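S.K.: make a model of this:
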Amino acid sequence: MATSRSLTSFSLFLAKPTSVPLRKPPLPFYSPLQRFVSISASQSSSVGALYGRGNAPSIPTAAVATTDSATGAPQIDSPPSAPPPQEPEYMVLPTNESSNHLLRVRHTCAHVMAMAVQKLFPEAKVTIGPWIDNGFYYDFDMEPLTDRDLKRIKKEMDRIIARNLPLVREEVSRDEAQRRIMAVNEPYKIEILESIKEDPITIYHIGDEWWDLCAGPHVESTGNINKKAVELESVAGAYWRGDQMKRMLQRIYGTAWENEEQLKAYLHFKEEAKRRDHRRLGQDLDLFSIQDEAGGGLVFWHPKGSIIRHIIEDSWKKTHIEHGYDLLYTPHVGKEDLWKISGHLDFYRENMFDQMKIEDEHYQLRPMNCPFHVLAYKRKLNSYRDLPIRVAELGTVYRYECSGSLHGLFRVRGFTQDDAHIFCLEDQIKDEIRGVLDLTEEILLQFGFSRYEVNLSTRPEKYVGDDDIWEKATSALKDALDDKGWPYQIDEGGGAFYGPKIDLKIEDALRRKWQCSTIQVDFNLPQRFDITYVDSNTERKRPIMIHRAVLGSLERFFGVLIEHYAGDFPLWLSPTQVRVLPVTNTQLEFCNEVAGKLKRNGIRVEVCHGERLPKLIRNAEKQKIPLMAVVGPKETETQTVTVRSRFSGELGTLETEDFISSIKSAIEKRRSF
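M.R.: Numbering: from 1, shown residues only. Now for the predicted structure:
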């Protein structure tokens, strides 16, 4: 049975070298994190045009270093310089939301695939087959499939498409639908039928050979599908109804587009996303790992990854202090009663780990930081003159996730939120929200993110708090966004039950959208914890509480950074900024002197030796080191270094002090060398 509701949507762009002016993509877009969405180019160099020379992926080099017999200086023979990348044109690929025809094609492809599977594997039982953001899938109860099976299924699909069979809608009674399902022995369809509440029951036929319970929509005939724009991608295991206690099914994923050009663009995007996959790069660059011995979803930050985290945290703390926040450190566990008061045990229990018993009391690993921040506020009686009070914490939280849902740094069981809460008066909401927007922009710009999608979610059907305060809070959020000048969409009824919110998705180098920043007004926790302030009439009043995060989870944000830069971090953020390379071990002593001077100036440096210079250079390229300082006999004599930039090529010979000064300037201005 296919669903009549799209799960998610996203947009893709194809970069092509062109002299035509850029077509600006419409906004906003939404790209779910676990789908492959990327920009691609017909030439690898054009990918760099997306995000500037400073972040462009390096071109594989075959540089060979020799020593000049006359001067003793290292001579680095570089490959010919690539022409500067042309500004790419972005071709917007259609989505299910923008193209009803594409949605119908994808939905029909799911049915065609199911028909093909049952022709080839008559024992296979069908379950559900919806369209999804980049194609379709269908779940089958059958023996495990191989890549060879996928090729056979695709050929059978092509034959069905070529026959131009009509898609015919039929309405039947519930009893008739049940009779037909029983006749073809499809037990999963019986369960699906029981879940359908509307009558009559609709069935779609492909010709007179195959049918499925379905609400539609579909194309008129299989001939409306371009078989060259359809591809089967993979097979995965999926539990029936997502329940681990039920049978494991075979899920076949496919992608479908309106024409071959769109399919090729999508496949380019997918390959570029694969090249940037943070899980692979995290291993290749030795940034982080998840160790089976410790447990799934628990992240080990390696020395190089820890350096980047340290930079992120230091920058975050400095910016927050400048914006009037006080920093907190709060416990990782709390008494069970705390989570009863907050409501988490009632509404969030499935995402919480089991409790632990300590001296006849039950404690809980915290899934969120907010109750602790409320207690920090409540420790003393506050006056209206004290408000707003802004507190912030890089707080580690723990949430239960099924092992099947864990995904690198994007979905883990223990992570650190850049959490903050503001306690303010009603008439301070707008100014505080505007301040959060300014702070968010400042922090995200530091890491190279300047394009956003913004959504404002308003009051849902079920909510807490008075209508009047909801209206005031929502208006304050709108006014703050209008003052900021950011375009935004309104998600009517999409707010949390405890207050309206703003969600911000950042756009990376591949123009994917990542949900990171959120601002939420909360009328619930102040009431549950009975927090107050004393107003000008010495009466107790309840403050407004604002939850906000800029980066979201540090682990997830780090994963986004890795993929945004393809592991090619800018100089200021790179864990190793300079690698000093001797031509021979004779220059090793001077190399260590150079490295010592760099370290004393706060520059992250390492000396590598023991291999021939060409291999040392190749290794530095593979590890994406921004700068190499090559030292030969001449450099040792003149106290200089020959500098090679990963982004700019060979830069010539510099005195050590000039080299240090230039690096410090580039780091301070956050530009490439």
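S.K.: can you give the distance from the helix or strand harbouring Ala376 to the centre of its chain?
M.R.: Ala376 is part of helix 370-378 when elements are defined by DSSP states H and E. In this view, helix 370-378 has its centroid 30 Å away from the chain centroid, taken as CA atoms, centre = their mean, to the nearest Å.
S.K.: count the neighbours of Thr653 for me.
M.R.: 18 (other CB atoms under 10 Å). In this view, the C-beta of every residue, glycine as well, is placed from N, C-alpha and C.
S.K.: look at it and give its secondary structure.
M.R.: strand (DSSP: H, G, I helix; E, B strand; the rest coil).
S.K.: wait, it touches Val643, no?
M.R.: Yes: look at Thr653 against Val643 with CB atoms under 8 Å: they come within range, at 7.5 Å.
S.K.: how about the contacts made by His609?
M.R.: 581-582, 585, 588, 591, 616 (CB atoms under 8 Å, 6 or more residues apart in numbering).
S.K.: wait, is it part of a helix?
M.R.: No: assessed with three-state DSSP, His609 is coil; it does not lie in a helix.
S.K.: if I look at it, how far off is Leu598?
M.R.: As judged by CB to CB, to the nearest Å, His609 and Leu598 stand 16 Å apart.
S.K.: same deal with Gly237?
M.R.: Gly237 sits 51 Å away from Leu598, going by CB to CB.
S.K.: strands of the stretch 401-550 of the chain, residue ranges please.
M.R.: For the stretch 401-550 of the chain, strands defined by DSSP state E, counting those that start in this stretch occupy the ranges 414-424, 452-457, 489-491, 501-507, 513-522, 533-534, 540-541, 544-553.
S.K.: kindly reformat these as a markdown table containing mean neighbour count, distance to Ile443 and mean pLDDT.
M.R.: Conversion of the strands of the stretch 401-550 of the chain to a markdown table gives the following (neighbours: other CB atoms under 10 Å; distance: least, CB to CB, whole Å; pLDDT from 0 to 100):
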| stretch | mean neighbour count | distance to Ile443 | mean pLDDT |
| --- | --- | --- | --- |
| strand 414-424 | 23 | 9 | 95 |
| strand 452-457 | 20 | 12 | 93 |
| strand 489-491 | 15 | 23 | 92 |
| strand 501-507 | 22 | 11 | 94 |
| strand 513-522 | 23 | 9 | 92 |
| strand 533-534 | 18 | 29 | 96 |
| strand 540-541 | 12 | 32 | 94 |
| strand 544-553 | 23 | 5 | 94 |
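S.K.: next, format these as CSV and append distance to Gly649.
M.R.: What follows is the strands of the stretch 401-550 of the chain, written out as CSV (distance: least, CB to CB, whole Å):
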stretch, distance to Gly649
strand 414-424, 37
strand 452-457, 34
strand 489-491, 44
strand 501-507, 29
strand 513-522, 32
strand 533-534, 61
strand 540-541, 64
strand 544-553, 33
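S.K.: got any ranges where the protein has weak pLDDT?
M.R.: 1-91 (pLDDT under 70).
S.K.: and Pro626, what is it in contact with?
M.R.: Neighbouring residues of Pro626 by CB under 8 Å, 6+ apart: 569-571, 574, 577-578, 645-647, 672-673.
S.K.: out of the contacts of His609, who has the most neighbours?
M.R.: Going by other CB under 10 Å, Leu581 tops those with 28 neighbours.
S.K.: for that one, give the beta-bridge partners.
M.R.: On the basis of DSSP bridges, Leu581 takes part in beta bridges with Val630.
S.K.: and if you look at Ser221?
M.R.: Pro166.
S.K.: give the burial count for it, as a bare number.
M.R.: If you count neighbours by other CB under 10 Å, Ser221 ends up with 17.
S.K.: can you pull the phi/psi pair for Thr95?
M.R.: Note on Thr95: its backbone torsions stand at phi -120, psi 170 [degrees, to the nearest 10].
S.K.: many thanks, we can stop here.
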